[in-house]
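# Sequence first, predicted coordinates after that:
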Amino acid sequence: MEASEIQRYYEQLDKSELEIERLLTKLTNSTSVFENQQLSQEIRDKFRLFSKAIESIKLISDEQDKEEDRRSLLNKLERHEEHHKQLQVAIRKTILAAKQNIEKQTRLEREYLLKDAHKAIELRKRNMRNNDGMLRTASDITDSLRRTTQLMSQEIERSAYSAKVLDDSSKMLRSTHNEYRGFHSVMRASKQLITKLEQSDWTDRFLILFGLLVFMLVVLYILKKRLWIPGLGLGMSGLNWGWSRMYSAFSNPDTLSQVKEAVAATTTLMNETPLLQATASTVVAVTSLGSA
């Protein structure tokens, strides 16, 4: 059921409350038996419409799918039910008072016809005092109903403010959840990137150490061949054997082509590092010397 239909029922409740209060005030001031009966019947009809609207809203609340919507309707309806009880008591009191007033007035008028003028004047004065008391009673009832209406309006405003605060809190929670999901994705991508950088760092260290080792071997080999230093021959005897093994391996065309391919691949991968470029050039020179 649409919200417009629910709002229509609540408007009907407010309208019925105002109509009943107006009729009660009018009934209090009534002095005619026919008018008394007509107003009493009209009040009963308005009160039945008021009760029917409350029952319709209760049925609508039972048809709600969400428990939160059902509770919201019942909480809002609770104030009208309280006012319903107050109106019911006020209607009974007012109708009974009006009926007693009519009966008393009729009896007094009957006695007035049977008594002399002096007693009739006294009875009329008493009747006027009774009317003043009834007017004060009706005024008190009207003031009480007016205060009840003001309290209901304040409760409605507080309920609307609470609903707005809850809606804003829900939006903030949804926004925070979306931001958290975005941070989680960024952290996961950062972790993967850091892992790749660590792997690349270890690879670079290994290649640099390997290049330095090859470079030192080449320098020692050149010093052995080009210069004569006392005692260097004994120190290079073991290195000579290893170098001869490496030279014999480089003399093989298949091995030489594999080394060239490896050096070319290393040069391509590390062309951004000047030290590795120099190492790769040295290895190429050694391989060319071995092939010559």
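Received it, and whenever you're ready, just let me know what you need.
# alpha carbons only for contacts and neighbour counts from here, please
Fine.
# what's the burial count for the nearest residue to Ile156 once chain neighbours are set aside?
Computed as C-alpha to C-alpha, 6 or more residues apart in numbering, the closest residue to Ile156 that is not its neighbour in sequence is Lys76, at 7.4 Å. Counted with other C-alpha atoms under 10 Å, the neighbours of Lys76 add up to 15.
# Now find how far off-centre the host helix or strand of Lys76 is within its chain.
Per DSSP states H and E, Lys76 falls inside helix 67-114. Taking C-alpha atoms, centre = their mean, to the nearest Å, one finds helix 67-114 lying 45 Å from the centre of the chain it belongs to.
# Kindly report the same for stretch 133-142.
The answer for stretch 133-142 is 50 Å, by C-alpha atoms, centre = their mean.
# Ok, stretch 208-223 next?
That offset, for stretch 208-223, works out to 68 Å (C-alpha atoms, centre = their mean).
# and the helix or strand where Ala160 lies, what other elements does it pack with?
Using DSSP H and E, Ala160 maps to helix 117-226. When contacts are defined as 3 or more C-alpha pairs under 8 Å, 6 or more residues apart in numbering; DSSP states H and E, helix 117-226 packs onto helix 3-28, helix 67-114, helix 274-291.
# how about CSV for the ones you listed, with distance to Lys164 added?
Listed next are the helices and strands packed on helix 117-226 as CSV, based on distance: least, C-alpha to C-alpha, whole Å:
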stretch, distance to Lys164
helix 3-28, 17
helix 67-114, 13
helix 274-291, 66
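# and of these, who's closest to Arg48?
With C-alpha to C-alpha as the measure, helix 3-28 is the member of the helices and strands packed on helix 117-226 nearest Arg48 (9.5 Å).
# Can you give the distance of stretch 33-41 from its chain's centre?
The answer for stretch 33-41 is 56 Å, by C-alpha atoms, centre = their mean.
# which parts of it are buried?
36-37, 39-40 (16 or more other C-alpha atoms under 10 Å).
# ok, residues contacting it?
Residues outside stretch 33-41 that contact it (C-alpha atoms under 8 Å, 6 or more residues apart in numbering): 23, 26-27, 30, 95, 98-99, 102.
# Among the buried residues of stretch 33-41, which are located in helices?
36-37, 39-40 (DSSP state H).
# Output these as TSV; include the columns distance to Asp143 and pLDDT.
Formatted as TSV, those follow (distance: C-alpha to C-alpha, whole Å; pLDDT from 0 to 100):
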residue	distance to Asp143	pLDDT
Asn36	22	78
Gln37	25	81
Leu39	21	80
Ser40	21	81
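# want to throw the residues you listed into CSV with distance to Ala189?
Output for those, formatted as CSV (distance: C-alpha to C-alpha, whole Å):
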residue, distance to Ala189
Asn36, 85
Gln37, 84
Leu39, 80
Ser40, 79
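# one step back: going by distance to Glu122, which of the buried residues of stretch 33-41 wins?
Out of those, the member with the shortest distance to Glu122 (by C-alpha to C-alpha) is Asn36, at 25.2 Å.
# Please indicate which of the contacts of stretch 33-41 are buried?
23, 27, 30, 95, 98-99, 102.
# what's the farthest-apart pair in the residues you listed?
Leu23 and Ile102 (16.7 Å).
# Look up how far Glu11 lies from Ile57.
According to C-alpha to C-alpha, to the nearest Å, Ile57 and Glu11 sit 12 Å apart.
# In terms of neighbours, single out the busier of those two.
Ile57 (19 against 13).
# Surely Phe50 and Ser16 touch.
Yes. In this structure, Phe50 is within contact of Ser16 by C-alpha atoms under 8 Å, at 5.9 Å.
# Is there a neighbour count for Val186? I'd like the number.
Neighbourhood size, Val186 [other C-alpha under 10 Å]: 11.
# can you pull the pLDDT of it?
Looking at Val186, its pLDDT is 83.
# swap in Thr268?
51.
# before we move on, the earlier item: identify, from the buried residues of stretch 33-41, the entry nearest to Met134.
Asn36 (14.6 Å).
# Next, work out how far apart the closest one and Ser159 are.
40 Å.
# Please apply the same query to Glu109.
Counting by C-alpha to C-alpha - Glu109 and Ser159 are separated by 54 Å.
# The protein - how does it break down into domains?
3-168, 198-291 (automatic domain parsing).
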